[in-house]
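> turn this into a structure:
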Amino acid sequence: MTKQLLMGNEAFAHAALESGVRVVAGYPGTPSSEVIETIAKLHGAGSARDVHVEWSTNEKSALEVVAGAAYCGARTLFTCKQVGLNVASDPLMSLNYVGVKGGTVLFVADDPGPISSQTEQDTRRFASFAKIPVLDPATPDQGFAMMQAAFDLSERYATPVIVRPTTRICHASTFFEVAETTVARPVPKEGFERDPKWVIFPRRAYEAHGEINERLRCIAGDYANDPVLSAFNPIEEGGAAHPAAAEDASQEASVPRLGIVAGGVSAAYAREALRMIEERAALEGFEVPAYRFWQVGTPYPFPEETAERFAQGLDQVLVLEELDHVLEDALLVFAGRTHASFDVKGKLTGDVRDRGENDVDDAVVRITRFLGLSDGRSAAQPPVYESADAPLPVRPPVLCAGCPHRGSFYAIKRALGRTPAVLCGDIGCYTLGNAQPLDAVDTCLCMGAGITMAQGFAVAEPQKKTLAFVGDSTFFASGLPGIVNAVYNGHDITVCVLDNATTAMTGSQPHPGTGVTLMGDTRTPISIERVLEAVGFECIVHADPLNFDESTKAAQKAVSFEGPSAILFESPCIQLVKPNPPAVIDQDLCTGCKKCITEIGCPGIGFNVDARGPKSKERGQAFVDESLCNGCTLCTQVCPFDAITMSDANASLADKPLNGSAMEGGSHA
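This next block holds a predicted model:
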């Protein structure tokens, strides 16, 4: 064993390897990506032996790979973010009915905020919908233990098990004792055994539904009584009821009337808030009312036996959780079924935040009020804490300086001019094409949807041009069905593939178009052009998005084609290439017109209102932030006065600058 400082996701990877996981598959998505990347790194270094790890084409594919291995008895791990579970939902719903042989853990990371997602979907709800047990860690340490317990629970009941950390758990860091070398558990000697249970016919599904319901009752009992699993649901008492707070420790403390329930990282926030409140109380000489605290680490199936022990004698219960009111609902159901007399306060009553992340400061405020320490106290006992909420500086998201997607969007807008059009976006860095001044994304629903939504627009409003933007990774992950549908039904759309040779938004992971795999093999990259040709696209053009003239001409050709057409904008992500020397602005030529800023919106260009020059006079002048500029040449092609130049090393990319504003008067509906 060795002690290492690890991010939560890195620790979870070690936990899975130490549990003997043999097959690992997933699709990149923040905040989950580092789990698979860590396993791949350890496998490549030779310290994780006999494990297969892969980025699959999408989440559905990943879960089906895992299911096949689990039928053989291998321990398996599937990873994704919360919205990725939607993509995997088809096999997931059936897999629970069919069951598994080898321990199967679904690592699904939720993203309160949301910080890097399109929704605040709560995987605990999905677990209930799919009737799959879920574990909800409050700290990375607890998550490490839960990963290991989940494999055992899965094999005990032949069911998939979800481990649901949130962003702060995934990305927090602490020290762990981890094995220096791990070896995957071997597949049982008998391997896959043919049995009718592996085939999901209606009659078998009917029987399995009853088995699922029964095992959920058993698992709920284990959550309350099993020594390992019940440890994830600790009940603690504090305040005046705590023996340490009594003058006579032998005197029976008063029974708490107030209860606090928390799940996930909110339990860690609540514990810290209670510590701060009691510390302040000791310092200022006032008493904290007796309370009982319960961390629910196993939210589904809800451990009602533990809830019964927790609720004894309570009048009011405050619930802290992210994202939905899952625990709150469970307590209300429990109270109704048992005719309990306690009131439940939480999201439904407006006593806690109804969206986004919780935090310690907010937990202090909510708990202080719940304990009755905020109002009606003497001057000698002021409120413990007031709200720390304050507006934070806003930093709008923006495409990186030099991002090739900026050139793709700009070229499309130039090619369209005044032509009415609808521009359908997608999930990825290029969603940021909706921001000013590019203003080139009208819709964004989910991965791959832009391609098929464009077809709907084309049918409903055929007088407009419809274009769809999709990344190279998303093209393979979820764009292919829409591509086929466009040809099959003859939809007049233009698909703009923004090929930057990576899965950029989630950390530059490889995909089928790169040919790189996590097992170290390099295969022939799958050609997007050949895929398009194979399904029947007749107009396919290529363009370098860093060359405006070339890109504009390519866009005009594709857009004017009647029927499905495609533009392949090909230029690597700036994270993959060495930057060129930064652009230079000639202060004698700069007129202060701001076209370099208002046309493409590159963060590498700023404006100094106090600068003066022979042509800018009192207007101010643009300047290049050398710490951001990577020499992409886009600005040199926009400047109508040749005021921006590049060094000889990259000047060849900058063709003749555009005269005037190519986007003036341009519009799309």
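> which strands and helices lie in contact with the helix or strand of the chain with the lowest mean pLDDT?
One helix or strand of the chain scores below all others by mean pLDDT, DSSP states H and E: helix 449-460, with a mean of 84. The elements that helix 449-460 packs onto, with contact taken as 3 or more C-beta pairs under 8 Å, 6 or more residues apart in numbering; DSSP states H and E, are strand 421-424, strand 465-471, helix 480-488. (Each C-beta comes from the backbone N, C-alpha and C, glycine too.)
> tally up the residues packed near the residue lying closest to Arg164 once chain neighbours are set aside, please.
Leaving aside its sequence neighbours, Arg164 sits nearest to Thr123 (C-beta to C-beta, 6 or more residues apart in numbering; 4.6 Å). Counted with other C-beta atoms under 10 Å, the neighbours of Thr123 add up to 30.
> these two touch, right, Glu550 and Lys557?
No. With contact defined as C-beta atoms under 8 Å, Glu550 does not count as touching Lys557 (11.1 Å).
> and stretch 2-18, C-alpha only, in PDB?
Output in PDB follows, covering the C-alpha atoms of stretch 2-18 (Å, rounded to 0.1, in the frame of the first residue of the first chain):
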ATOM      1  CA  THR A   2       1.100   3.600  -0.700                       C
ATOM      2  CA  LYS A   3      -0.300   6.900   0.500                       C
ATOM      3  CA  GLN A   4      -1.200   9.300  -2.300                       C
ATOM      4  CA  LEU A   5      -3.000  12.600  -2.600                       C
ATOM      5  CA  LEU A   6      -5.800  11.800  -5.000                       C
ATOM      6  CA  MET A   7      -8.800  13.500  -6.600                       C
ATOM      7  CA  GLY A   8     -12.100  11.800  -5.700                       C
ATOM      8  CA  ASN A   9     -12.500  10.300  -9.200                       C
ATOM      9  CA  GLU A  10      -8.900   9.000  -9.100                       C
ATOM     10  CA  ALA A  11      -9.600   7.400  -5.700                       C
ATOM     11  CA  PHE A  12     -12.800   5.800  -7.000                       C
ATOM     12  CA  ALA A  13     -10.800   4.300  -9.900                       C
ATOM     13  CA  HIS A  14      -8.400   2.700  -7.400                       C
ATOM     14  CA  ALA A  15     -11.300   1.400  -5.300                       C
ATOM     15  CA  ALA A  16     -12.800  -0.300  -8.400                       C
ATOM     16  CA  LEU A  17      -9.400  -1.800  -9.300                       C
ATOM     17  CA  GLU A  18      -8.900  -3.000  -5.700                       C
END
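> how about low-confidence regions in the stretch 501-650 of the chain?
647-650 (pLDDT under 70).
> list the helices and strands the helix or strand hosting Ala268 packs on?
Under the criterion of DSSP states H and E, Ala268 resides in helix 265-284. Packing partners of helix 265-284 (3+ C-beta pairs under 8 Å, 6+ apart): strand 258-263, strand 291-296, strand 316-320, helix 360-370.
> just give me the longest helix of this structure.
helix 202-225 (DSSP state H).
> quick check: next helix or strand after it?
Taking DSSP H and E, what comes next after helix 202-225 is helix 227-230.
> got any ranges where the stretch 151-300 of the chain has weak pLDDT?
Judged by pLDDT under 70, the stretches of the stretch 151-300 of the chain that qualify are 241-254.
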